[in-house]
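Chemist: here is a sequence with its predicted model. Questions after.
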Amino acid sequence: MLTSVPVGTKSLKNYEHIVDQEIIEKVRRLGKDMRGAKILNINSTPFGGGVAELLYTLIPLMRDVGLDADWQVIPGSEDFFTVTKLFHNALQGMDLIATPEMIETYLRQNETNAGLFTGDYDIIMVHDPQPAAMLAFLEEKGKRKGRWIWRCHIDLTTARPSVWEFLRPYLELYDAAVFTMSQYVKDGFNMDTIAIVPPTIDPLSAKNINIDQPTIDSVLERYNIDSNRPIATQVSRFDPWKDPLGVIDAYRIAKKEVPDLQLLMVASMASDDPEGWHYYEKTSRHADGDPDIHLLSNLEGVGNIEVNAFQRASDVIVQKSTREGFGLVVSEALWKGKPVIGGDVGGIPLQVINGRDGYLVSNVEECGQKLTQILKDPQMAKEMGRFGREHVRKNFLSPRQLADYMGLFNSLYAAVSR
Ligand code: UDP
């Protein structure tokens with residue numbers, strides 16, 4: 001069996017006073033239509049990164065509105081996750097020729113994992129490439145049942161053909177695919193149903209719920225961060241696409257103008273991301289012992305409350321990605337009323353409206369300059385924060401995504417139960 005992830009409970013009722021009523025009504029209506037439908041989500045890690053973050057909220061909410069929803073993770077050897085990370089990078093545009101050994105590693109693990117698949121489901125939603133080829137092996141064995149959706153969280157606009165063309169036939173076996181933005185759908189991708197669903201954050205999760213000042217202060221104190229001095233923060237896996245080295249360079253530019261500035265770089269090390277360790281060390285070397293740069297991770301006990309506190313304690317949030325499927329951290333920061341300086345890539349411009357709730361930047365100099373500008377103008381920062389929070393409330397809170405997913409499930413479910 002694949003491993004089920006325990007998720008706790010949540011109630012849609014608690015979101016009624018936060019999001020617009022029409023979204024709540026849509027979810028309830030679809031919940032009634034699909035009562036008891038068996039939904040399975042499959043991905044590759046129960047923690048670290050955006051997919052896990054999303055599922056911890058969406059699975060309990062699906063259950064609350066009547067679906068029989070579950071979440072399972074696949075196992076994988078270190079070699080397998082090294083290959084899938086390379087594939088992930090190549091799908092985001094990094095040079096890579098998929099070798100026969102890589103392909104073999106990927107397919108054999110998917111075959112093994114298909115053998116671990118049990119149970120009967122109406123809808124199976126498979127996230128990202130790691131488990132994507134399982135369906136082919138189930139089909140080969142005559143065990144394909146239910147409707148299969150491939151959920152792509154990656155920006156495929158510059159995907160390397162060697163990896164995309166290898167994966168494509170496996171993906172085209174699916175009944176539907178979901179992308180974050182329409183630009184991510186590759187030309188010629190042969191798929192009956194394509195849905196565009198940007199991700200969302202959970203305003204009631206430990207990561208995003210309102211916390212009081214004493215709690216924030218105690219977290220800062222625990223990590224030796226001075227609450228009386230300005231703070232800029234990037235919360236991201238240590239990954240080349242998140243450009244942690246560029247963030248340090250931008251901080252150095254701003255620090256010339258704002259000498260008190262502290263930089264927090266907060267990362268969780270995900271189990272499916274061996275590259276993270278390598279990049280952590282690289283970032284640490286680049287920080288070069290600067291006592292005002294704090295590299296923090298789950299290894300130092302940074303969990304959801306701590307991330308929440310760091311984001312709230314910040315004067316400005318940076319997300320200087322050079323590729324970004326969506327960037328949940330951007331909405332997390334905006335929801336907390338913080339201006340965000342984000343890379344002008346992928347899903348970030350959906351969230352950062354340039355000049356309104358932050359700035360979109362394309363290089364280190366611009367990032368450093370915008371950092372200085374926001375840090376020197378707290379009134380503007382506040383107004384940006386206010387705009388950003390409402391933008392997120394309307395567009396990027398969990399019930400909206402739930403409504404979108406359930407709409408898609410319902411169209412496929414009707415086809416299954418016919
Ligand atoms: N995250 C976290 N702790 C960390 C770093 C990241 O909890 O130290 C969370 C972050 O708050 C966000 C998710 O991991 O919810 C990252 O999602 P995002 O879409 O920004 O990036 P991804 O990692 O999926 O590329």
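Modeler: Structure's in. What do you need? Treat the numbers as computed from the prediction; the structure is a model and nothing was measured.

Chemist: show me what contacts the residue in the stretch 51-200 of the chain that the ligand sits nearest to?
Modeler: Nearest residue of the stretch 51-200 of the chain to the ligand: residue 53, at 4.0 Å (CB to the nearest ligand atom). Quick note: C-beta positions are derived from backbone N, CA and C, even for glycine. Listed by CB atoms under 8 Å, 6 or more residues apart in numbering, the contact partners of residue 53 are 201, 207, 328.

Chemist: per-residue confidence for the residue positioned nearest the centre of the chain?
Modeler: In the chain, the residue lying closest to the centroid (CA atoms, centre = their mean) is residue 50, at 2.4 Å. pLDDT recorded at residue 50 is 84.

Chemist: just give the nearest non-adjacent residue to it, would you?
Modeler: Of all residues not flanking residue 50 in the chain, residue 328 sits nearest, at 4.6 Å (CB to CB, 6 or more residues apart in numbering).

Chemist: that neighbour contacts residue 198, correct?
Modeler: No. In this structure residue 328 lies outside contact range of residue 198 using CB atoms under 8 Å: 10.2 Å.

Chemist: parallel or antiparallel, which strands does the helix or strand residue 195 falls within pair with?
Modeler: Using DSSP states H and E, residue 195 falls within strand 193-196. In the sheet, strand 193-196 lines up against strand 176-179 (parallel) (DSSP bridges).

Chemist: name the residues of the strand it pairs with that are buried.
Modeler: For strand 176-179, burial by neighbour count (16 or more other CB atoms under 10 Å) applies to 176-179.

Chemist: repeat for stretch 169-188
Modeler: Of the residues in stretch 169-188, 170-171, 173-181, 184-186 count as buried by neighbour count, 16+ other CB under 10 Å.

Chemist: which other residues reach it?
Modeler: With CB under 8 Å, 6+ apart as the test, stretch 169-188 has contacts from 125-126, 132-133, 135-136, 139, 147-157, 159, 164, 168, 189-199, 325-326, 346-347, 350, 405, 408, 412.

Chemist: distance between the ends of that stretch?
Modeler: The straight-line separation of the ends of stretch 169-188 (CA to CA, to the nearest Å) is 12 Å.

Chemist: same deal with stretch 202-220?
Modeler: Stretch 202-220 has an end-to-end distance of 23 Å (criterion: CA to CA).

Chemist: list the contacts of that stretch.
Modeler: By CB under 8 Å, 6+ apart, stretch 202-220 touches 10, 14-15, 18, 53, 56-57, 201, 226-227, 303-310, 312-313, 332, 335-336, 393, 397-398.

Chemist: secondary structure element for residue 310?
Modeler: With elements taken from DSSP H and E, the one containing residue 310 is helix 304-313.

Chemist: same deal with residue 95?
Modeler: Going by DSSP H and E, residue 95 is not part of any helix or strand.

Chemist: just to revisit the earlier point, drop anything exposed from the contacts of stretch 202-220.
Modeler: The neighbour count (16+ other CB under 10 Å) marks 10, 15, 53, 56-57, 201, 306-310, 312-313, 332, 335-336, 393, 397-398 as buried among those.

Chemist: so which of the contacts of residue 53 are also by the ligand?
Modeler: Checking these against the ligand by CB under 6 Å from any ligand atom, the ones in range are 207, 328.

Chemist: now, the contacts of residue 53 that are in strands?
Modeler: Among these, DSSP state E puts none in strands.

Chemist: dump the contacts of residue 53 to JSON lines, plus pLDDT.
Modeler: Below are the contacts of residue 53 laid out as JSON lines (pLDDT from 0 to 100):
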{"residue": "201", "pLDDT": "97"}
{"residue": "207", "pLDDT": "95"}
{"residue": "328", "pLDDT": "94"}
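
Chemist: wait, which of the contacts of residue 53 is closest to the ligand?
Modeler: Distance to the ligand, by CB to the nearest ligand atom, is smallest for residue 328 among the contacts of residue 53, at 3.6 Å.

Chemist: that closest one: neighbour count?
Modeler: Residue 328 sits with 26 neighbouring residues when counted by other CB atoms under 10 Å.

Chemist: measure it to residue 120 for me?
Modeler: For residue 328, the distance to residue 120 equals 32 Å [CB to CB, to the nearest Å].

Chemist: equivalent analysis for residue 293, please.
Modeler: Look at residue 293 and residue 120: by CB to CB, they are 52 Å apart.

Chemist: domain ranges for this protein?
Modeler: For the chain, automatic domain parsing gives the domain ranges 3-200+397-417, 213-395.

Chemist: residues contacting the closest residue to the ligand within the chain?
Modeler: Closest residue of the chain to the ligand, CB to the nearest ligand atom: residue 50 (2.8 Å). Going by CB under 8 Å, 6+ apart, residue 50 touches 153, 199, 325-326, 328.

Chemist: where in the stretch 201-350 of the chain is pLDDT low?
Modeler: Applying pLDDT under 70 to the stretch 201-350 of the chain flags the ranges 270-273.

Chemist: which residue ranges form the helices in it?
Modeler: With DSSP state H, counting those that start in this stretch as the criterion, the stretch 201-350 of the chain has helices at 213-222, 244-257, 275-287, 304-313, 328-335, 348-351.
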